[in-house]
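Undergrad: Give me the fold of what follows.
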Amino acid sequence: MGQYSNVSQSITVAGKIDNFDPGRNVTLSVNRLGFMQEQIMAKTDSAGNFLVVFESYTPIDAWLVYRTNFLVLLNPGDSLFVRFDGQYGNRPPILNSISFSGGDAAQTNQHAAKFQLMYYSNDLYRDMDRNNRAVKELQPAQYLLYLDTIQQKFMEIYDQFIAENNPNEESKKWAKLYIENDYYGKLARYATNHRRANNMGRDNPWDVPEGFYDVFFSRFPIDSSMFINSCGLSTLSNSILHSYINHKLKVDKTEGLLFMPGGGIGVLPGSDLDSIVISNLIKHVHDPLFLQIILTEKFSMELRYGQNISKHEKFNDVIDKYITAPFLKEPLHQLYLQTKHRLENPQIYVEAILKEATNLSINQIVDDILQQNKGKVIYVDFWATWCGPCIAEMSNSKIMEHEFKDEEVVFVYICLDSEGRQWKAMLDQFQLGGQHYLLSRPQSAEIRTLFSISGIPFYMLVDKNGEIKETGSHLRPLGVKDKIRELLK
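TA: Numbering: from 1, shown residues only. Modelled structure (predicted):
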């Protein structure tokens, strides 16, 4: 338990959902260290029996998604069977109904499910308004004290979990790390959310003080027994890569960069932001194993989100020197080869309709979409190949396409400010159906103005009569299903 090897091994997750709705998908969202979450759709029959098989070098946790989601803990070589009642749409009743079989993995997961039941049933978790008020009203030092108080109360839940369940070592370690994950995630989001909650404009110089993020490093050193909480380690890696490093660059007034009052960072002529970020990661992340994880995340994001192999090739020496663990090095190399092949030989999904609309006006494009899809509900996704949050939703869009495949719904993807080669490579990667438009930069600017698009991803719902019913970044794929069903009536 808790080890990783030089070769990947198969993991099998099978199960049975009682009160199963055949119209819903079962998905496993795997938290892979150094890489974006991988969405694997389960093979499912009409009776609610499902099966997922995948490979991993390391212990991991993964979100089992059906109506809601919960975490299962898995080691390479595991074969886990899980059964739960699918009639519920929130975690506590599902976790209360759950049972596992499959040797040691079953015992670990039964304990982990009991901890999740205690965690998600507690008022500390359910009272979102309290945290939102704290984010808005508290200054950095006060917010840290608030988080410390919440952390202590969650630790009391942890102690109760230990006393009542006598869990094994793996589930104990996972539960403790999961509580820390919530702490680190809230800390990382505080500055952005505080500015947003208080309507601070780009010219407002407010920021957190120097040293605010140093607590991230209290989890070091990292060892392989922590890998079972890959969800938490991924949160920590992402927090250091973005919140900590960006803040450190500003505090140190790093040469070659331009700092805006609202927290933005620009690059002065002759400077390279990637080189600056990578050198600062190497300088400040002193745990060798975690440095490998966070560098892998940096390079894998360039490949996944940007389909960018040139940056990867530029830093080959850094990759060879610092990323040596097989569970990171081998998948990263394979991702590079797959991205390179995709860029050179894109094979677009046969059901996708691609339109390079360079010679059309924006009004003609909108007209084309409405005319083609008369009498159908239209879900429009405005995205770009360089937009991480946009790409993160693509696998969910694929799930949505499958769920509505026999309904009068069409999915339209409008790609903004992107290169054609990377656009086609991205579509090849996610194998999306639907209708796809690539807009030039002038067209992108025009359509942003037409629909008041201030940021992406941005979505639009159009009813069967061609009337725009709702727009906004909040209409993410999995969260908009009920709205689509309402428009289908």
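Undergrad: Can you get me a residue count around Leu450?
TA: Applying other C-beta atoms under 10 Å, we find 11 residues neighbouring Leu450. Any C-beta I mention is one placed from the backbone N, CA and C, and that applies to glycine too.
Undergrad: The stretch 151-300 of the chain: strands as residue ranges?
TA: Under the criterion DSSP state E, counting those that start in this stretch, strands of the stretch 151-300 of the chain are mapped to 257-259, 265-267.
Undergrad: and these, which is most packed in?
TA: Among these, strand 257-259 has the highest mean neighbour count (mean count of other C-beta atoms under 10 Å), at a mean of 14.
Undergrad: Name the strands paired with that one and say parallel or antiparallel.
TA: Each strand paired with strand 257-259, and its direction, by DSSP bridges: strand 265-267 (antiparallel).
Undergrad: and the partner strand, what's its mean pLDDT?
TA: Averaged over strand 265-267, pLDDT sits at 82.
Undergrad: likewise stretch 117-132?
TA: Taken as a whole, stretch 117-132 carries a mean pLDDT of 89.
Undergrad: Renumber starting at 56 from here on
TA: With 56 as the first residue, the last one maps to stretch 172-187.
Undergrad: Can you mark which positions in stretch 324-343 are buried?
TA: Ile331, Val332, Ile333, Asn335, Leu336, Val340 (16 or more other C-beta atoms under 10 Å).
Undergrad: what sits against the residue lying closest to the last one once chain neighbours are set aside?
TA: It stands for Val340. Spatially, and ignoring its direct neighbours in sequence, Val340 is nearest to Leu346 (4.5 Å; C-beta to C-beta, 6 or more residues apart in numbering). Listed by C-beta atoms under 8 Å, 6 or more residues apart in numbering, the contact set of Leu346 reads Leu336, Ile337, Val340, Tyr377.
Undergrad: Among the buried residues of stretch 324-343, pick out the one closest to Ile364, please.
TA: Closest approach between the buried residues of stretch 324-343 and Ile364, by C-beta to C-beta: Ile333, at 16.5 Å.
Undergrad: thinking that closest one is in contact with Leu350, fair?
TA: Yes. Using C-beta atoms under 8 Å, Ile333 makes contact with Leu350 at a distance of 7.2 Å.
Undergrad: Find residues that contact each of the two.
TA: Common neighbours of Ile333 and Leu350 (criterion: C-beta under 8 Å, 6+ apart): Val373.
Undergrad: before we move on, back to that, tell me the pLDDT at the residue nearest to Val340?
TA: Reported pLDDT for Leu346: 97.
Undergrad: again, but for Arg531
TA: 90.
Undergrad: number of nearby residues for the nearest residue to it once chain neighbours are set aside?
TA: With sequence-adjacent residues excluded and distances taken as C-beta to C-beta, 6+ apart, Arg531 is closest to Glu448, at 5.8 Å. Neighbour count for Glu448, taken as other C-beta under 10 Å: 19.
Undergrad: tell me which strands and helices the host helix or strand of Thr67 is in contact with?
TA: Applying DSSP states H and E as the criterion places Thr67 in strand 64-73. Using 3 or more C-beta pairs under 8 Å, 6 or more residues apart in numbering; DSSP states H and E as the contact criterion, the elements in contact with strand 64-73 are strand 104-111, strand 115-121, strand 123-129, strand 134-140.
Undergrad: Now Phe513: phi and psi?
TA: For Phe513, the backbone dihedrals (degrees, to the nearest 10) come out as phi -140, psi 140.
Undergrad: and it, how far is that from Asp342?
TA: Phe513 sits 38 Å away from Asp342, going by C-beta to C-beta, to the nearest Å.
Undergrad: Report the backbone C-alpha coordinates of the host helix or strand of Ala189 in PDB.
TA: Using DSSP H and E, Ala189 falls within helix 183-192. Only the C-alpha atoms of helix 183-192 are listed here, as PDB (Å, rounded to 0.1, in the frame of the first residue of the first chain):
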ATOM      1  CA  MET A 183     -21.400  28.100   2.400                       C
ATOM      2  CA  ASP A 184     -22.700  31.500   3.300                       C
ATOM      3  CA  ARG A 185     -20.400  31.700   6.300                       C
ATOM      4  CA  ASN A 186     -17.300  31.100   4.200                       C
ATOM      5  CA  ASN A 187     -18.600  33.600   1.600                       C
ATOM      6  CA  ARG A 188     -19.100  36.200   4.300                       C
ATOM      7  CA  ALA A 189     -15.600  35.500   5.600                       C
ATOM      8  CA  VAL A 190     -14.000  35.800   2.200                       C
ATOM      9  CA  LYS A 191     -15.700  39.200   1.600                       C
ATOM     10  CA  GLU A 192     -15.400  40.800   5.000                       C
END
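Undergrad: Good, wrapping up.
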